[in-house]
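Novice: show me the folded form of this:
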Amino acid sequence: MVDMKNKKFITCLAGAVFALSSCVTTNKTAKTVDFTSGTYNATVADLDVAETRVSETLDPVPAEVRRGGMNNIKKTVEAMALEKNGNADVLVNPEFTYTVERGLFSKKVTSITVTGHPAKYKNFRSLNDSVWSNPVFRGVRVKGHSPYKPHSRGIKSFFAGKAEANYEGTTNYRKGFTWGMDFAGSYEFGNEKWAPAAMLNLGYHINPYLYIGVGSGVEWDISPEYGFIPVYGNVRAYLQNRSCAPFVDVRLGSSTEVNKSKVDGGFYGSFSIGYSFKSFDISAFFTIQKAEVTNYSYYRYDSYSYKNKEELKRIGLRIGFRL
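Specialist: Below is the predicted model of the structure:
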(Lines give C-alpha, C1' and ligand atoms only; values in the text may rest on other atoms or scores of the structure.)
Protein backbone atom coordinates (compact mmCIF):
# COMPACT_ATOMS: atom_id res chain seq x y z
CA MET A 1 0.00 0.00 0.00
CA VAL A 2 2.82 2.37 0.86
CA ASP A 3 4.61 1.56 -2.37
CA MET A 4 1.49 2.35 -4.37
CA LYS A 5 1.17 5.76 -2.73
CA ASN A 6 4.82 6.55 -3.42
CA LYS A 7 4.36 5.64 -7.08
CA LYS A 8 1.36 7.94 -7.39
CA PHE A 9 3.28 10.80 -5.71
CA ILE A 10 6.26 10.35 -8.04
CA THR A 11 3.94 10.22 -11.06
CA CYS A 12 2.19 13.47 -10.06
CA LEU A 13 5.50 15.24 -9.38
CA ALA A 14 6.88 14.24 -12.77
CA GLY A 15 3.74 15.52 -14.47
CA ALA A 16 4.01 18.88 -12.72
CA VAL A 17 7.67 19.27 -13.70
CA PHE A 18 6.82 18.43 -17.32
CA ALA A 19 3.99 20.97 -17.36
CA LEU A 20 6.20 23.71 -15.94
CA SER A 21 9.04 22.98 -18.32
CA SER A 22 6.77 23.29 -21.36
CA CYS A 23 5.12 26.63 -20.36
CA VAL A 24 5.28 29.09 -23.28
CA THR A 25 4.31 32.81 -23.18
CA THR A 26 4.18 35.42 -25.95
CA ASN A 27 5.19 39.05 -25.26
CA LYS A 28 4.97 42.16 -27.41
CA THR A 29 6.69 45.54 -27.10
CA ALA A 30 5.47 48.72 -28.77
CA LYS A 31 7.34 51.98 -29.01
CA THR A 32 6.28 55.30 -30.45
CA VAL A 33 9.88 56.40 -31.09
CA ASP A 34 13.10 54.43 -31.17
CA PHE A 35 15.35 56.66 -33.22
CA THR A 36 18.63 57.32 -31.45
CA SER A 37 21.08 57.23 -34.32
CA GLY A 38 21.03 60.98 -35.03
CA THR A 39 24.32 62.56 -33.97
CA TYR A 40 25.16 66.20 -34.53
CA ASN A 41 28.56 66.69 -36.11
CA ALA A 42 30.11 68.51 -39.05
CA THR A 43 27.89 66.68 -41.60
CA VAL A 44 24.09 66.41 -41.74
CA ALA A 45 21.72 64.41 -43.97
CA ASP A 46 18.03 63.85 -44.71
CA LEU A 47 16.25 60.63 -43.73
CA ASP A 48 14.13 58.95 -46.40
CA VAL A 49 11.54 56.82 -44.55
CA ALA A 50 9.50 54.14 -46.35
CA GLU A 51 5.73 54.55 -46.13
CA THR A 52 4.98 50.83 -45.57
CA ARG A 53 6.07 48.75 -42.62
CA VAL A 54 8.19 45.64 -43.12
CA SER A 55 8.48 42.52 -41.00
CA GLU A 56 11.26 40.06 -40.22
CA THR A 57 11.25 36.94 -37.98
CA LEU A 58 14.09 35.08 -36.29
CA ASP A 59 12.87 31.56 -35.47
CA PRO A 60 14.44 29.78 -33.77
CA VAL A 61 16.75 32.15 -31.94
CA PRO A 62 20.28 30.65 -31.95
CA ALA A 63 21.87 29.98 -28.57
CA GLU A 64 24.84 32.24 -29.36
CA VAL A 65 22.45 35.14 -29.97
CA ARG A 66 20.48 34.47 -26.76
CA ARG A 67 23.67 34.58 -24.72
CA GLY A 68 24.02 38.28 -25.61
CA GLY A 69 20.76 39.10 -23.85
CA MET A 70 17.46 40.55 -25.03
CA ASN A 71 19.08 43.67 -26.44
CA ASN A 72 21.34 41.56 -28.65
CA ILE A 73 18.37 39.52 -29.90
CA LYS A 74 16.53 42.71 -30.90
CA LYS A 75 19.57 44.12 -32.68
CA THR A 76 20.07 40.86 -34.57
CA VAL A 77 16.53 40.71 -35.95
CA GLU A 78 16.65 44.46 -36.75
CA ALA A 79 19.88 43.93 -38.74
CA MET A 80 18.19 41.11 -40.66
CA ALA A 81 15.22 43.36 -41.51
CA LEU A 82 17.48 46.17 -42.72
CA GLU A 83 19.57 43.83 -44.87
CA LYS A 84 16.52 42.28 -46.56
CA ASN A 85 15.01 45.69 -47.35
CA GLY A 86 17.63 47.27 -49.53
CA ASN A 87 20.33 47.52 -46.82
CA ALA A 88 18.47 50.35 -45.08
CA ASP A 89 20.32 52.43 -42.47
CA VAL A 90 17.77 52.54 -39.63
CA LEU A 91 14.44 50.99 -38.69
CA VAL A 92 12.05 53.74 -37.57
CA ASN A 93 9.46 52.99 -34.86
CA PRO A 94 10.26 49.28 -34.44
CA GLU A 95 7.82 46.91 -32.68
CA PHE A 96 8.85 43.49 -31.39
CA THR A 97 6.80 40.33 -30.84
CA TYR A 98 8.64 37.49 -29.17
CA THR A 99 7.94 34.07 -27.69
CA VAL A 100 9.44 32.99 -24.38
CA GLU A 101 9.64 29.38 -23.26
CA ARG A 102 9.73 29.04 -19.48
CA GLY A 103 11.18 26.06 -17.71
CA LEU A 104 11.28 25.16 -14.05
CA PHE A 105 14.44 27.14 -13.38
CA SER A 106 15.01 29.04 -16.61
CA LYS A 107 13.42 30.81 -19.56
CA LYS A 108 14.55 31.52 -23.11
CA VAL A 109 13.39 33.45 -26.16
CA THR A 110 12.58 30.97 -28.89
CA SER A 111 11.41 33.36 -31.63
CA ILE A 112 11.15 37.08 -32.29
CA THR A 113 9.53 39.23 -34.98
CA VAL A 114 10.19 42.92 -35.68
CA THR A 115 8.14 45.36 -37.74
CA GLY A 116 9.01 48.94 -38.66
CA HIS A 117 9.69 51.49 -41.38
CA PRO A 118 13.09 51.07 -43.08
CA ALA A 119 14.86 54.37 -43.79
CA LYS A 120 17.98 55.54 -45.58
CA TYR A 121 20.16 58.63 -45.19
CA LYS A 122 20.50 60.83 -48.25
CA ASN A 123 21.62 64.31 -49.29
CA PHE A 124 24.72 64.47 -47.09
CA ARG A 125 25.98 68.04 -46.71
CA SER A 126 28.05 70.34 -44.50
CA LEU A 127 26.53 71.58 -41.27
CA ASN A 128 27.14 75.20 -42.39
CA ASP A 129 24.82 74.65 -45.37
CA SER A 130 21.92 73.39 -43.23
CA VAL A 131 19.26 75.04 -41.12
CA TRP A 132 21.31 74.21 -38.01
CA SER A 133 23.62 77.09 -38.92
CA ASN A 134 20.66 79.44 -38.40
CA PRO A 135 20.83 80.60 -34.74
CA VAL A 136 17.11 81.39 -34.69
CA PHE A 137 16.31 77.76 -35.61
CA ARG A 138 18.49 76.56 -32.72
CA GLY A 139 16.66 78.80 -30.25
CA VAL A 140 19.48 81.34 -29.91
CA ARG A 141 18.59 84.95 -29.28
CA VAL A 142 20.86 87.22 -31.34
CA LYS A 143 21.38 90.85 -30.46
CA GLY A 144 23.39 93.01 -32.84
CA HIS A 145 25.36 96.13 -31.95
CA SER A 146 26.04 98.95 -34.37
CA PRO A 147 29.69 100.07 -34.60
CA TYR A 148 28.43 103.66 -34.53
CA LYS A 149 26.27 103.31 -31.45
CA PRO A 150 27.94 102.13 -28.21
CA HIS A 151 26.17 99.47 -26.20
CA SER A 152 26.13 99.23 -22.45
CA ARG A 153 27.69 95.77 -22.54
CA GLY A 154 31.14 97.10 -23.08
CA ILE A 155 33.65 98.94 -25.23
CA LYS A 156 34.63 95.73 -27.01
CA SER A 157 31.22 95.30 -28.66
CA PHE A 158 31.24 99.01 -29.61
CA PHE A 159 34.46 98.78 -31.60
CA ALA A 160 33.90 95.27 -32.97
CA GLY A 161 30.30 95.87 -34.05
CA LYS A 162 29.67 92.12 -33.95
CA ALA A 163 26.49 90.27 -33.07
CA GLU A 164 26.32 88.82 -29.60
CA ALA A 165 24.34 85.61 -29.12
CA ASN A 166 22.61 85.03 -25.80
CA TYR A 167 21.14 81.62 -25.01
CA GLU A 168 17.79 81.48 -23.26
CA GLY A 169 18.31 81.18 -19.52
CA THR A 170 21.90 82.48 -19.45
CA THR A 171 23.38 85.75 -20.60
CA ASN A 172 26.55 87.76 -21.12
CA TYR A 173 24.68 90.97 -20.35
CA ARG A 174 27.04 92.04 -17.53
CA LYS A 175 30.14 92.53 -19.63
CA GLY A 176 32.81 95.22 -19.92
CA PHE A 177 32.67 98.84 -18.80
CA THR A 178 29.45 100.38 -17.54
CA TRP A 179 28.26 103.49 -15.73
CA GLY A 180 25.06 104.45 -14.00
CA MET A 181 23.29 106.39 -11.28
CA ASP A 182 21.32 105.44 -8.21
CA PHE A 183 18.96 107.35 -5.96
CA ALA A 184 18.23 106.49 -2.36
CA GLY A 185 16.21 107.49 0.65
CA SER A 186 17.31 106.47 4.15
CA TYR A 187 16.24 106.80 7.76
CA GLU A 188 18.88 107.79 10.34
CA PHE A 189 18.75 106.03 13.68
CA GLY A 190 18.98 108.13 16.85
CA ASN A 191 18.41 111.48 15.18
CA GLU A 192 15.15 110.22 13.63
CA LYS A 193 15.53 112.02 10.34
CA TRP A 194 15.46 111.25 6.64
CA ALA A 195 18.37 111.61 4.25
CA PRO A 196 18.08 111.48 0.44
CA ALA A 197 21.11 110.57 -1.70
CA ALA A 198 22.22 110.50 -5.34
CA MET A 199 25.34 108.68 -6.60
CA LEU A 200 27.24 108.35 -9.88
CA ASN A 201 29.05 105.03 -10.49
CA LEU A 202 31.66 103.92 -13.03
CA GLY A 203 33.14 100.43 -13.23
CA TYR A 204 33.98 97.23 -15.07
CA HIS A 205 32.43 93.75 -15.12
CA ILE A 206 35.28 91.26 -14.77
CA ASN A 207 32.78 88.48 -15.56
CA PRO A 208 29.00 88.03 -15.26
CA TYR A 209 29.40 87.46 -11.51
CA LEU A 210 31.78 90.25 -10.41
CA TYR A 211 31.77 94.05 -10.84
CA ILE A 212 34.35 96.52 -9.48
CA GLY A 213 34.22 100.30 -9.74
CA VAL A 214 34.27 103.70 -8.08
CA GLY A 215 31.58 106.21 -7.27
CA SER A 216 30.72 109.52 -5.68
CA GLY A 217 27.69 111.68 -4.98
CA VAL A 218 25.93 113.49 -2.19
CA GLU A 219 23.95 112.50 0.90
CA TRP A 220 21.94 115.31 2.43
CA ASP A 221 20.64 115.42 5.99
CA ILE A 222 17.28 117.16 6.06
CA SER A 223 17.13 118.30 9.71
CA PRO A 224 20.56 119.93 10.24
CA GLU A 225 21.31 121.54 6.93
CA TYR A 226 24.52 119.86 5.94
CA GLY A 227 25.46 117.13 3.52
CA PHE A 228 28.25 114.66 2.85
CA ILE A 229 30.09 113.93 -0.39
CA PRO A 230 31.34 110.33 -0.22
CA VAL A 231 34.03 108.95 -2.55
CA TYR A 232 34.20 105.14 -2.49
CA GLY A 233 35.30 101.95 -4.12
CA ASN A 234 32.53 99.58 -5.14
CA VAL A 235 32.43 95.77 -5.36
CA ARG A 236 29.29 93.93 -6.45
CA ALA A 237 28.82 90.15 -6.63
CA TYR A 238 25.96 88.70 -8.69
CA LEU A 239 24.74 85.30 -7.52
CA GLN A 240 23.55 84.01 -10.93
CA ASN A 241 24.75 84.20 -14.53
CA ARG A 242 21.46 85.69 -15.72
CA SER A 243 20.37 89.14 -16.86
CA CYS A 244 18.00 89.21 -13.85
CA ALA A 245 19.85 88.10 -10.73
CA PRO A 246 20.24 88.82 -6.99
CA PHE A 247 23.40 90.58 -5.85
CA VAL A 248 25.42 91.77 -2.84
CA ASP A 249 26.99 95.24 -2.99
CA VAL A 250 29.73 96.79 -0.80
CA ARG A 251 30.93 100.42 -0.91
CA LEU A 252 33.85 101.63 1.21
CA GLY A 253 35.47 105.07 1.23
CA SER A 254 35.58 108.46 2.90
CA SER A 255 33.37 111.55 2.93
CA THR A 256 33.82 115.28 3.07
CA GLU A 257 31.15 117.67 4.31
CA VAL A 258 29.65 120.38 2.15
CA ASN A 259 29.87 123.01 4.93
CA LYS A 260 33.23 122.28 6.60
CA SER A 261 32.84 125.03 9.19
CA LYS A 262 30.59 122.81 11.31
CA VAL A 263 31.14 119.19 10.32
CA ASP A 264 34.11 117.18 9.09
CA GLY A 265 33.52 113.93 7.22
CA GLY A 266 35.20 110.58 7.77
CA PHE A 267 34.80 106.88 7.02
CA TYR A 268 31.93 105.92 4.71
CA GLY A 269 30.60 102.36 4.31
CA SER A 270 27.48 101.01 2.64
CA PHE A 271 26.32 97.39 2.48
CA SER A 272 23.31 96.31 0.42
CA ILE A 273 21.48 93.29 -0.97
CA GLY A 274 19.19 93.57 -3.97
CA TYR A 275 17.97 92.29 -7.29
CA SER A 276 19.00 93.36 -10.78
CA PHE A 277 16.48 93.58 -13.61
CA LYS A 278 18.95 93.94 -16.52
CA SER A 279 19.78 97.69 -16.51
CA PHE A 280 17.54 98.46 -13.53
CA ASP A 281 18.11 97.32 -9.94
CA ILE A 282 16.60 97.81 -6.50
CA SER A 283 18.25 97.09 -3.13
CA ALA A 284 17.98 97.59 0.62
CA PHE A 285 21.08 99.06 2.25
CA PHE A 286 22.72 99.93 5.55
CA THR A 287 25.15 102.88 5.72
CA ILE A 288 27.69 104.01 8.31
CA GLN A 289 28.97 107.61 8.12
CA LYS A 290 31.53 108.84 10.65
CA ALA A 291 31.88 112.58 11.26
CA GLU A 292 33.21 115.23 13.66
CA VAL A 293 30.74 117.92 14.62
CA THR A 294 32.06 121.27 15.91
CA ASN A 295 30.11 122.77 18.82
CA TYR A 296 30.53 126.31 20.20
CA SER A 297 30.11 127.37 23.82
CA TYR A 298 29.94 130.94 25.15
CA TYR A 299 30.81 132.03 28.72
CA ARG A 300 30.49 135.71 29.58
CA TYR A 301 32.88 137.52 27.28
CA ASP A 302 34.69 134.40 26.13
CA SER A 303 33.83 131.50 23.81
CA TYR A 304 35.39 128.21 22.88
CA SER A 305 34.65 125.28 20.60
CA TYR A 306 34.93 121.52 20.88
CA LYS A 307 34.33 118.58 18.54
CA ASN A 308 32.19 115.51 19.04
CA LYS A 309 32.73 112.34 17.06
CA GLU A 310 29.53 110.90 15.66
CA GLU A 311 28.66 107.72 13.84
CA LEU A 312 25.57 108.17 11.70
CA LYS A 313 23.75 104.91 10.92
CA ARG A 314 21.13 104.80 8.22
CA ILE A 315 18.92 102.15 6.62
CA GLY A 316 17.10 102.71 3.36
CA LEU A 317 16.05 101.76 -0.14
CA ARG A 318 18.14 102.36 -3.29
CA ILE A 319 17.06 102.37 -6.95
CA GLY A 320 19.74 102.25 -9.63
CA PHE A 321 20.08 102.50 -13.41
CA ARG A 322 23.09 101.14 -15.32
CA LEU A 323 23.56 102.32 -18.90
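Novice: what stretches of the protein score poorly on pLDDT?
Specialist: 1-42, 104-105, 127-173, 222-226, 259-262, 295-307 (pLDDT under 70).
Novice: near residue 205, how many other residues are there?
Specialist: Residue crowding around residue 205 was assessed by other CB atoms under 10 Å; the count is 22. The C-beta positions use only the backbone N, C-alpha and C, and glycine is treated the same way.
Novice: hey, what's it bridged with?
Specialist: The residues listed as beta-bridge partners of residue 205 by DSSP bridges are residue 176, residue 211.
Novice: what about it, distance to residue 235?
Specialist: From residue 205 over to residue 235 the distance is 12 Å, taken as CB to CB, to the nearest Å.
Novice: now do the shared contacts for those two.
Specialist: Overlap between the contact sets of residue 205 and residue 235, as judged by CB atoms under 8 Å, 6 or more residues apart in numbering, is given by residue 211.
Novice: residue 72 sits in which helix or strand?
Specialist: Counting by DSSP states H and E, the element that carries residue 72 is helix 70-84.
Novice: other SSEs contacting that helix?
Specialist: Contacting helix 70-84 under the criterion 3 or more CB pairs under 8 Å, 6 or more residues apart in numbering; DSSP states H and E are the following elements: strand 54-58, helix 63-66, strand 90-102, strand 107-126.
Novice: in the longest one, what's buried?
Specialist: The reference is to strand 107-126. Buried residues in strand 107-126, counting neighbours by 16 or more other CB atoms under 10 Å, are found at 109, 111, 112, 113, 114, 115, 116, 117, 118, 119, 120.
Novice: got it, and stretch 57-67?
Specialist: In stretch 57-67, the ones that count as buried by 16+ other CB under 10 Å are 58, 61, 65, 66.
Novice: contacting residues for the last one?
Specialist: Taking CB under 8 Å, 6+ apart as the definition of contact, the neighbours of residue 66 are 73, 108, 109.
Novice: ok, the first one - contacts?
Specialist: Applying CB under 8 Å, 6+ apart, we find residue 73 in contact with 58, 61, 65, 66, 98, 109, 112.
Novice: show me which pair in these is furthest apart.
Specialist: Longest distance between any two of these is 12.1 Å, between 65 and 98; criterion CB to CB.
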